[in-house]
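# Build the 3D model from these lines:
(one chain, ligands or ions: 1)
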Amino acid sequence: MSLILKPRKFPRNLRLFEAVVRRLPADHSFRIKAEKRHGQLLSGHFGEVSTEYIFQSPLFEGSSVFHNLRLEYYKDRFLEIDTLLVFPQLIVIFEIKYLAGKSVLFRGNPPQMIRTHMNTEIAEDIYEDPILQAKQQVKNLQHWLQINNLPKIPIEPFAVMSNIKANIIIDSSYKEPHRILRKTMVESTVETFFTEAGFQTGMQPPIRELTSKLLSSHREDRRKAIDRFPVKYTEFLKGVHCPKCFRMPMNRAHGMWHCTFPECSYRCKDALYHTLLDYYLLASDTITNQSLRNFCRIDSPYTAYRQIKNLKLPMKGNRKSSVYCLKALFEPLLGE
Ligand SMILES: [Zn+2]
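Next comes the predicted model:
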């Protein structure tokens, strides 16, 4: 069996976009873009999760698997790989796509991926050719291997179309149709590459230097929404949101948070945790009593103080000018 060195987890980026969409007013100029990106990330994650079992195949014995790897290959330039399969003689990059719809067409001139929707023949979405994207990743990864003094290993790019219901059509103008795979084709395609190249799968000498370097070089994008997007802190909707229906605000009474929407009426004690996660992803690693009151719409400094104290956050400064660090609170969830 392959060794999953970097398992897939719920993407931080998806949590970030959830928070952005939740907290931008409906008429904000970035809102539609954020919603679209959120939808893409969600279906992308769904598609990636649905391919995970493939990489546990006995055929990949001796390989190491990295899901959602992000490496810096030049200063402040990053390559992002959905799934990377590392054998001693070969590295395979899988660009995983999940496109809901009736059909996906690949064209060669110019290279494009075109999705047709389920209910209409006319509406189409046009995307970049995933093999072109994966080939760019090959170049970037080759550069990364070189600057890290690691052995030059052949790298093969593939795109995995994870929606089994979509009809995949490859136009005759498309140059490398063998690189577009359905999920069921992944194992046999890798096997064919091995056979043709005279490699053998199965027990292989480990390539610890490369795999440990890949693992230690992963860089999560930890930038805050206000540093990444055209959004200002002051523009975000404030208040504690309901962890069940995700709407705002919740009110606090008798030591509990209450959803103000009658059809939900959810009550809980830990709503602040979820709201502070939004603040952490959107705005800052640290929070003060005043910023907590502002973001969570809590009037009383004393209530805010009590709430923060319950969370047992590491702090700096004295009680009047305390700055609380949120990182430790969210490390377990975000895996940082
Ligand atoms: Zn609710």
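# Heading C-terminal from the helix or strand bottoming out on mean pLDDT in the chain, find the next helix or strand.
Here the helix or strand of the chain ranked lowest by mean pLDDT, DSSP states H and E is helix 186-197, holding a mean of 86. For helix 186-197, the following helix or strand on the C-terminal side (DSSP states H and E) is helix 208-216.
# hey, C-alpha coordinates of that following helix in CSV?
Output in CSV follows, covering the C-alpha atoms of helix 208-216 (Å, rounded to 0.1, in the frame of the first residue of the first chain):
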residue,chain,number,x,y,z
ARG,A,208,13.3,9.6,2.4
GLU,A,209,15.3,12.8,1.6
LEU,A,210,12.8,13.8,-1.1
THR,A,211,9.7,12.9,0.8
SER,A,212,10.7,14.5,4.0
LYS,A,213,11.7,17.6,2.2
LEU,A,214,8.4,17.7,0.4
LEU,A,215,6.6,17.4,3.7
SER,A,216,8.6,19.9,5.6
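# Start at 358, not 1
Okay, residue one is now 358; in that scheme the one you just asked about reads as helix 565-573.
# Which positions in the helix or strand following that helix come out as buried?
Using DSSP H and E, the next helix or strand after helix 565-573 towards the C-terminus is helix 582-585. Buried positions in helix 582-585, judged by neighbour count with 16 or more other Cβ atoms under 10 Å: 582-583. From N, CA and C alone the C-beta is placed, and that goes for glycine too.
# Helix 582-585: how far from the chain's middle?
A distance of 16 Å separates the centroid of the chain from that of helix 582-585, by Cα atoms, centre = their mean, to the nearest Å.
# go on, stretch 607-617?
32 Å.
# For it, C-alpha coordinates in CSV please.
What follows is stretch 607-617, C-alpha atoms only, in CSV (Å, rounded to 0.1, in the frame of the first residue of the first chain):
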residue,chain,number,x,y,z
MET,A,607,-27.3,35.2,18.0
ASN,A,608,-28.2,36.8,21.3
ARG,A,609,-26.8,35.9,24.7
ALA,A,610,-29.1,35.1,27.6
HIS,A,611,-28.7,32.9,30.7
GLY,A,612,-25.2,31.8,29.8
MET,A,613,-26.2,30.5,26.3
TRP,A,614,-26.2,31.8,22.8
HIS,A,615,-29.7,31.8,21.1
CYS,A,616,-30.3,31.9,17.4
THR,A,617,-32.7,34.8,16.7
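# quick one, phi/psi of the residue of the stretch 358-507 of the chain found nearest the ion?
Going by Cβ to the ion, the ion is nearest to R379 of the stretch 358-507 of the chain, at 12.4 Å. For R379, the backbone dihedrals (degrees, to the nearest 10) come out as phi -60, psi -30.
# surely it meets F603?
Yes. Between R379 and F603 there is a contact under Cβ atoms under 8 Å: 6.1 Å.
# between the two, who's got more neighbours?
It is R379, of R379 and F603, that has more neighbours when counted by other Cβ atoms under 10 Å, with 18 against 13.
# Tell me where the stretch 508-657 of the chain is predicted with low confidence.
Flagging of the stretch 508-657 of the chain using pLDDT under 70 yields the residue ranges 557-563.
# which parts of it sit against the ion?
599, 601-602, 616, 621, 623 (Cβ under 5 Å from the ion).
# which of those are buried?
Applying 16+ other Cβ under 10 Å to these flags 599, 616 as buried.
# For the residue nearest to F550 when sequence neighbours are not counted, what are phi and psi?
What sits nearest to F550 in space, not counting adjacent residues and going by Cβ to Cβ, 6 or more residues apart in numbering, is E513, at 6.2 Å. E513 adopts backbone torsions of phi -120, psi 130, taken as degrees, to the nearest 10.
# Please tell me how far E513 sits from the ion.
When distance is defined by Cβ to the ion, to the nearest Å, E513 is 48 Å away from the ion.
# now stretch 441-456: how far from the chain's centre is it?
On the basis of Cα atoms, centre = their mean, stretch 441-456 sits 17 Å off its chain's mean C-alpha point.
# Okay, buried residues for that stretch please.
For stretch 441-456, using 16+ other Cβ under 10 Å, the buried residues are 441-445, 447-456.
# what does stretch 491-508 give?
Those would be 491-492, 494-495, 497-498, 501-502, for stretch 491-508 by 16+ other Cβ under 10 Å.
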